[in-house]
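Engineer: Here you go, sequence then predicted model.
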Amino acid sequence: MHQSSPFNHRLLPYLLVLPQIAVTLAFFIWPALNAVWLSTRQEDAFGLSSEFVGLEHYIAIFHDGTYTRALVNTAVFSTGVTVVSLALALLLAVMADRVVRGAMVYKTLLIWPYAVAPAVAGVIWWLAFNPSIGVVAYFINILGYDWNHLIKARDAMMLVIFAAAWKQISYNFLFFLAGLQAIPRSLIEAAALDGASPFRRFWTVIFPLLSPTTFFLLVVNIIYAFFDTFALIHATTAGGPAGSTETLVLKVFMDGFVGLDLGGSSAQSVVLMVMVMALTVVQFRFVERKVQY
Amino acid sequence: MVENRPWLTVIAHVVLLLGLLITAFPVWLTFVASTHEGTALTQFPMPLWPGSHFLDNYGTILFSGAKAAGGQPVLLMLGNSLIVALGIAVGKIAISIIAAYAIVYFRFPLRQTFFWMIFMTLMLPVEVRIMPTFEITANLGLLNSYSGLIVPLIASATATFLFRQFFLTIPVELVEAARLDGAGPIRFFRDVLLPLSRTNIAALFVILFIYGWNQYLWPLVVSTDPSLTTIMTGINALVRVPDSEPQWHLLMAMSMLAMLPPILVVVVMQKLFVRGLVETEK
Amino acid sequence: MKFRSLTLATASVAATLAMGTGANAATEIQFWHAMGGELGAKVQEIADKFNASQADYKVVPVFKGTYTETMTGAITAFRAKQQPHIVQVFEVGTATMMAAQGAVYPVYQLMADAKLPFDAKSYLQAVSGYYTDTNGNMLSMPFNSSTPVLYYNKTAFAKAGLDPNTPPKTWKDVETYSEKLLAAGYKCGFSTGWMPWVQMETFLALHNQPIGTKGNGFGGLDTELTVNGPLELRHITNMAEWAKKGIFKYTGRRSDGAPSFYNEECTMYMNSSGGYAGVKANAKTFEFGVGMLPYYDDVKGAPQNSIIGGAALWVLKGHKAEDYKGVGQFFNFISKPEIQADWHQVTGYLPITTAAYELSKAQGFYDRNPGTDMSVRQINLNPPTENSKGLRFGNYAQIRDVIDEELEGVWSGQKTPKDALDSIVKRGNDLLRKFEKTNG
């Protein structure tokens, strides 16, 4: 935040952040602190008995042989989702920004998938890639590859990356489009008059101007891939085969929401939060420097 | 367009069509399945072209099929979802834009702390914090009410972050000029920032409306009043059939109906995607 | 609308709706369930019938998502003192519910407190046994119980020169039949749903072998898994061999393999008897039959009896004594032969009482729908033993995931059956110790 402070008011800024902070405190910070507290305790599902166990749950995480595997899976998965969804969305947004004929139809149809109910999207991908009846699996087989994500770890990872990225393409597309539309046409025209090719113009003029949006989407997509994808993974591969698509947050979900191991899952989510906080701080410190405001 | 290069336009159309093929495929499959009979979807080969049961299936879901989906009329569920989605979208945008405004344009103690506090909300999905969140909602007396469905989901790191990103791109000269004109912070916000943010508000509204529309677990947990059932609960009641097979045709027909309001929002909001809003001001 | 005012409002509405019942306001009983689709409509119908049968109580069924969502939702509500009276909990949650003595109101006790007639003996032993403690007291009310059976493709059997009316009895039969079916051009012999339930829990029970120590966990929280014994090892080793030949095909977790049977890829399919309606609707191109699960005939005591899965109704404490009278009446109502027989016949779930089974038989239901009694006959093969009564392990949802996960290592060729089973026992026991510590 490199601008000088334009307004001086003592009370006003606090009033402006108040509603957001109030909701955050009640529904996020308090539950988060609750998670920290629970992570040091051994408690049954109904909350009938509770006992302080110190750092036991944290120590257990690092003795859990499947944790490292989940960590690696999460890294592969998050990178895959972020790269695929950002790259495809940017490409589509630039193209949609270019065309005149049918623009409205393209834009609507490209955003539409975001409105598919998550439960239904899970079912659709499950059906489409099903090795017995799936139409996508069928076409992949015709191309000469024996698709079976129920047994092959790599197929399963590709499936969950694809399904998770698919949902984000519409999201990223929309914000890239909004960002592109906000770029002053005069700048692009000036570059065109200088004789820059469309491709060069994109990298030297448009992409830098888009960098605040790109940075926003980068951060949001990584966090999405980390935290918001367990329902989808649960519906399509359930972490299988043999744990090859089990991510950290799926573990939190399975142990906490499904298994009702409140202490253990709280410790896991605290570790996860610290990890992603660190990752986000790094992005703000080092990546944001390249952003042109 | 800046210049006329026909081959680039052709490439653009080809890329867009390929993109559509991938992204819109589930939408198409949903539609196709909603026009076949119930067992068509699990047969090989899966149908890829609409069938002949369009009227039957949609008629059933609109007029009599709701029984299997939680017992509430589809229109009631759509209405509830509309209220919840609008409440969440408008609420999130309203509290986020003023919070981002404070964080970018004012210097005050705890500014960064507030920003990171808001940011943290991205990292706690509702499934993970369900017990404490439910408890506080119950203590506030918000169970079985629209407020209970809306307020706990209203904090938005995404929106605050996006507005921050956008405000940072607004030239300092603009603020200086406004100040020379004697505009105070509130007038500057209303007369300069708000109009400039139109495109971003439109994009956010689309995303947040759909986010609210697609909420499932929270409404399910927080209400036991059948008259507050949302369309997502109805859809999930059709999906989650233990031991047996869902009635695919009704499920898909209901899913198509459930997509109409969000699509309407997409179409309407696109009108606000007008190029040149920023440049005229610069 | 707040919770209490809502309750009052609906109660008064209910009272005015209850025809000719005088001025008594009906007490509302919240019943949270996980029955989506047509099952949910059926649950509503049963509640409506009960509500019409008397004027004091009104049972309100509320769909609360999947089994997991329903159970976690009810526990969440309990922690905030907003719990329902009745919650439907799937079988893997049984140990958690039983351990929560301060939260759960045992059914036998509720019936005694409410002074309602209740005869635990009238329930099918294999069903009620799953939900009784070691003293024989019923802790919850069985609702939708099922047991795995064998579905097979009669048309394919005929084409392969097999007798369409004789399903395989033993695993040896499964192997030889499959070879004939493969030779006749079919792609896969058999597939299975719910691997841990069908090929491990039920498999061992059917051979009268333990799944864990302490009577499969009924005897105490300090139980340990014993699924790496010679019989399970033999079975998993066979399945791994069969997978290479195409006799067995792994089609995923849960019931994800169903389409492979519907599309005549796999000619035999082992899964819940509750899936009967789904199989009937989707088996479009062929005739299907139902048989019992196969067994190894050289194992002494086999076939014993199969165990159940599905869900039961648990009562949560914290409401007025008066309310629980209504809960008891409702339980007696759903146990009535005509209600049970109807539920059983429409859904394919087991009838939970002997009377309902007899009634269905008398009504000629099994003659009209051959194969639908296979599940009842299979759980009634012999009086349940300690090994075949059921199982009660804590953290069992995660243990089932471990089982799926480790066995997938076998199907993909990364692990030997022995390594996988040893690993299941080790990781499973860790989870059991954790549960013991939390709930001990």
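Structural biologist: Cool, the structure landed. Please read these numbers as outputs of a predicted model, since none were measured by experiment.
Engineer: can you pull out the strands in chain A?
Structural biologist: A:41-43, A:50-52 (DSSP state E).
Engineer: If you drop the residues flanking it in sequence, what lies closest to the residue nearest to the spatial centre of chain A?
Structural biologist: Most central in chain A under C-alpha atoms, centre = their mean is A:Tyr224, positioned 2.0 Å from the mean C-alpha point. Distances taken as C-beta to C-beta, 6 or more residues apart in numbering or on different chains place A:Gln168 nearest to A:Tyr224, at 6.3 Å, with adjacent residues excluded. Using the backbone N, CA and C atoms, a C-beta is placed for each residue, glycine as well.
Engineer: Surely the residue nearest to the centre of chain A is in contact with A:Ile169?
Structural biologist: No: contact between A:Tyr224 and A:Ile169 fails when scored by C-beta atoms under 8 Å: they sit 11.9 Å apart.
Engineer: quick one: what helix or strand has C:Gly289 in it?
Structural biologist: In this assignment (DSSP states H and E), C:Gly289 forms part of strand C:288-291.
Engineer: Please give me every residue in contact with the residue lying closest to C:Asp297 once chain neighbours are set aside.
Structural biologist: Nearest residue to C:Asp297 in three dimensions, chain neighbours excluded: C:Thr170, at 4.7 Å (C-beta to C-beta, 6+ apart). Each residue near C:Thr170 by C-beta atoms under 8 Å, 6 or more residues apart in numbering or on different chains is listed here: C:Pro294, C:Tyr295, C:Tyr296, C:Asp297.
Engineer: Which of the residues you listed are buried, as a PyMOL select command?
Structural biologist: Applying 16 or more other C-beta atoms under 10 Å in any protein chain shown to those, the buried members can be selected in PyMOL as follows:
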select buried, chain C and resi 294+295+296
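Engineer: What is the most widely separated pair among the contacts of C:Thr170?
Structural biologist: Greatest spacing in those, by C-beta to C-beta: C:Pro294 and C:Asp297 (9.3 Å).
Engineer: which neighbours do these two share?
Structural biologist: With C-beta under 8 Å, 6+ apart, C:Pro294 and C:Asp297 have common neighbours C:Lys169, C:Thr170.
Engineer: circling back to that earlier point, out of the strands of chain A, flag the one nearest A:Ile59.
Structural biologist: When the strands of chain A are compared (using C-beta to C-beta), the closest one is strand A:41-43, at 13.0 Å.
Engineer: tell me how far stretch C:291-302 is from the chain's mean position?
Structural biologist: Stretch C:291-302 sits 21 Å away from the centroid of its parent chain (C-alpha atoms, centre = their mean, to the nearest Å).
Engineer: What is the three-state secondary structure of C:Gln101?
Structural biologist: Three-state call for C:Gln101 (DSSP: H, G, I helix; E, B strand; the rest coil): coil.
Engineer: For the closest residue to it other than its chain neighbours, grab the count of nearby residues.
Structural biologist: In this structure, C:Gln101 finds its nearest non-sequential neighbour in A:Leu48, 7.9 Å apart by C-beta to C-beta, 6+ apart. The tally of other residues near A:Leu48 (other C-beta atoms under 10 Å in any protein chain shown) stands at 15.
Engineer: A:Leu48 against C:Thr96, yeah?
Structural biologist: No: with contacts counted by C-beta under 8 Å, A:Leu48 stays clear of C:Thr96, the gap being 11.5 Å.
Engineer: name the element the nearest residue to A:Pro198 once chain neighbours are set aside belongs to?
Structural biologist: Leaving aside its sequence neighbours, A:Pro198 sits nearest to B:Leu8 (C-beta to C-beta, 6+ apart; 6.2 Å). Using DSSP H and E, B:Leu8 maps to helix B:6-23.
Engineer: next one: C:Asp173
Structural biologist: Counting by DSSP H and E, C:Asp173 is part of helix C:171-183.
Engineer: Would you tell me what the next helix or strand after that helix is?
Structural biologist: Heading C-terminal from helix C:171-183 (DSSP H and E), you reach strand C:188-192.
Engineer: What confidence value was assigned to the spatially closest residue to C:Gly291 that is not a sequence neighbour?
Structural biologist: With sequence-adjacent residues excluded and distances taken as C-beta to C-beta, 6+ apart, C:Gly291 is closest to C:Pro167, at 2.8 Å. Per-residue confidence at C:Pro167 stands at 97 (pLDDT).
Engineer: Can you report how many residues neighbour residue 186?
Structural biologist: Going with chain A. Look at A:Ser186: counted by other C-beta under 10 Å, it has 11 neighbours.
Engineer: right idea, wrong chain: chain C
Structural biologist: C:Tyr186: 20 surrounding residues under other C-beta under 10 Å.
Engineer: what do you get for the one 3 residues further on?
Structural biologist: In terms of burial, C:Gly189 registers 24 neighbours under the definition other C-beta under 10 Å.
Engineer: show me the contacts for it.
Structural biologist: Taking C-beta under 8 Å, 6+ apart as the criterion, C:Gly189 is in contact with C:174-175, C:177-179, C:181-182, C:242, C:246-249, C:266-268.
Engineer: Name the nearest of these relative to C:Leu350.
Structural biologist: Looking across the contacts of C:Gly189 and measuring by C-beta to C-beta, the closest to C:Leu350 is C:Met268, at 21.7 Å.
Engineer: I'd guessed the closest one sits against C:Val149; true?
Structural biologist: No: using C-beta under 8 Å as the test, C:Met268 is too far from C:Val149 to be in contact (10.9 Å).
Engineer: which residues touch C:Glu265?
Structural biologist: A:Ser132, C:Tyr186, C:Lys187, C:Cys188, C:Lys249.
Engineer: ok, what's across the strand from the fourth one?
Structural biologist: Yep, that's C:Cys188 we're talking about. C:Cys188 has these beta-bridge partners by DSSP bridges: C:Cys266.
Engineer: ok, it - how many residues close by?
Structural biologist: Burial of C:Cys188 is recorded as 27 neighbouring residues (other C-beta under 10 Å).
Engineer: same check, this time on the third one
Structural biologist: Number of residues near C:Lys187 (other C-beta under 10 Å) recorded here: 15.
Engineer: and it, what pLDDT?
Structural biologist: So C:Lys187 comes in at 94 (pLDDT).
Engineer: Contact residues of chain C facing chain A?
Structural biologist: Within chain C, the positions adjacent to chain A are C:68, C:72, C:75, C:78-79, C:96, C:99-103, C:250-254, C:256-257, C:259-260, C:263, C:265, C:395, C:397-398, C:401, C:404-406, C:408-409, C:411-412, C:414-415, C:434, C:437-439 by C-beta under 8 Å from any C-beta of the partner chain.
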